[in-house]
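Engineer: pasting a predicted model and its sequence here:
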2 protein chains.
Amino acid sequence: MLKSKVVVERAANVLKLLGDKTRLTMVAILKQRECCVCEFLEVFDMSQPSISQHLRKLKDLGLVKEERRGHWIYYSLNSQSDLYGLIEDILEHVPVQTEKIKQIEKSNPTLRCGC
Amino acid sequence: MLKSKVVVERAANVLKLLGDKTRLTMVAILKQRECCVCEFLEVFDMSQPSISQHLRKLKDLGLVKEERRGHWIYYSLNSQSDLYGLIEDILEHVPVQTEKIKQIEKSNPTLRCGC
DNA sequence: TTAATATATAAGCATATAGTTATATGTTAA
DNA sequence: TTAACATATAACTATATGCTTATATATTAA
């Protein structure tokens, strides 16, 4: 299969971003399911601002997109990005994040307010 | 095709290493051809110790191996590594480093001593 | 053994990064 | 309009990173 090429510098920027355990896990989760910040908060042992900052970096490179729905802002992988193919290929070497997805769905943080 | 999986933390470490323009270019070059330090010195605008330090990081993770031949130490990709498949897949998204290879072969630093 | 050469290591420095806490913004519902 | 909530941004700090220069090590040839 012919892969879309990315100039070295841009590719390095992407890899540096994904070269963080938290962000790589986020992207792996987003491959399976969109998520809002409060859902990520359930599975990462860090503050809400940290999570927002990681997501912002992913967004700045165009790897993820966001969509507000009421209180929540849902993040998802941006399949329109020229980097999407690279992301997909990398994720094939990373285990599926089933445990974390279960954790999210069990705690179901967006249901707290009864909506 | 079934891809060999790498735990998230290890994958993140690899991506972080490749998330540097110099190292990503080195690996792309090594995909085409083994190189010694003095050859890399021809194509990267930095000191010899910097180049050695980058190669050491790649070696520490097992991505490259080295082989001494006389004065020179030749580096090559370690195709035995469990990370090799990931590396290959990433490199499919990075342009082939033909220019740099030409540059190396033109200057031919290992011929200086007339061996 | 000594000189020349290729590479590695050590030490130091400037910048980048990932986290924190405090605060601001934006949305919804009373 | 105000309160409650989700998320974002700002400011700060500790550590990691990538480079430099100086020096050490290893190999070869005279």
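Structural biologist: Sure thing, it's come through.
Engineer: flag the shaky bits of chain A, pLDDT-wise.
Structural biologist: A:111-115 (pLDDT under 70).
Engineer: got the residues of chain A near chain B?
Structural biologist: A:3-9, A:11-21, A:24-25, A:28, A:85-86, A:89-90, A:92-95, A:97 (C-beta under 8 Å from any C-beta of the partner chain). Backbone N, C-alpha and C define where each C-beta goes, glycine included.
Engineer: again, only this time at 6 Å
Structural biologist: Taking C-beta under 6 Å from any C-beta of the partner chain, the part of chain A that reaches chain B is made up of A:3, A:5-6, A:8-9, A:11-12, A:15-16, A:18-19, A:21, A:24-25, A:86, A:89, A:92-95.
Engineer: so which of these would count as near DNA strand C as well?
Structural biologist: Counting by C-beta under 7 Å from any atom of the strand, A:Lys16, A:Gly19 from the residues of chain A next to chain B sit close to DNA strand C.
Engineer: just the buried residues from the residues of chain A next to chain B, in ChimeraX please.
Structural biologist: A single ChimeraX command selects the buried members of the residues of chain A next to chain B (16 or more other C-beta atoms under 10 Å in any protein chain shown):
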select /A:5,6,8,11,12,15,16,18,19,21,24,25,86,89,92,93,94
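Engineer: which members of the residues of chain A next to chain B occur in helices, if any?
Structural biologist: A:Val8, A:Glu9, A:Ala11, A:Ala12, A:Leu15, A:Lys16, A:Leu18, A:Lys21, A:Leu24, A:Thr25, A:Leu86, A:Asp89 (DSSP state H).
Engineer: I'd guessed the third one sits against B:Val94; true?
Structural biologist: Yes: distance between A:Ala11 and B:Val94: 5.1 Å, which falls inside the contact criterion (C-beta atoms under 6 Å).
Engineer: how about the residues of chain A near DNA strand C?
Structural biologist: Contact residues (C-beta under 7 Å from any atom of the strand) of chain A with DNA strand C: A:16, A:19-20, A:22, A:46-47, A:49-50, A:53-54, A:57, A:68, A:70-71, A:115.
Engineer: could you flag which of the residues you listed are buried?
Structural biologist: Going by neighbour count (16+ other C-beta under 10 Å), those have A:Lys16, A:Gly19, A:Asp20, A:Thr22, A:His54 buried.
Engineer: of the residues you listed, which is the nearest to A:Ile104?
Structural biologist: Nearest to A:Ile104 among these: A:Thr22, at 14.8 Å, using C-beta to C-beta.
Engineer: so what's that closest one up against?
Structural biologist: By C-beta atoms under 6 Å, 6 or more residues apart in numbering or on different chains, A:Thr22 lies in contact with A:Phe44, A:His54.
Engineer: how far away is it from DNA strand D?
Structural biologist: Here the criterion is C-beta to the nearest atom of the strand, to the nearest Å. By it, A:Thr22 lies 14 Å from DNA strand D.
Engineer: please enumerate the strands of chain A.
Structural biologist: Using DSSP state E, the strands of chain A run over residues A:35-36, A:64-69, A:72-77.
Engineer: buried ones in the second one?
Structural biologist: Spelled out, it's strand A:64-69. A:Val64, A:Lys65, A:Glu66.
Engineer: check the last one too.
Structural biologist: Neighbour-count burial for strand A:72-77, counted by 16+ other C-beta under 10 Å, picks out A:Trp72, A:Tyr74, A:Tyr75, A:Leu77.
Engineer: tell me what that strand is packed against?
Structural biologist: Contacts defined by 3 or more C-beta pairs under 6 Å, 6 or more residues apart in numbering or on different chains; DSSP states H and E place strand A:72-77 against strand A:35-36, strand A:64-69.
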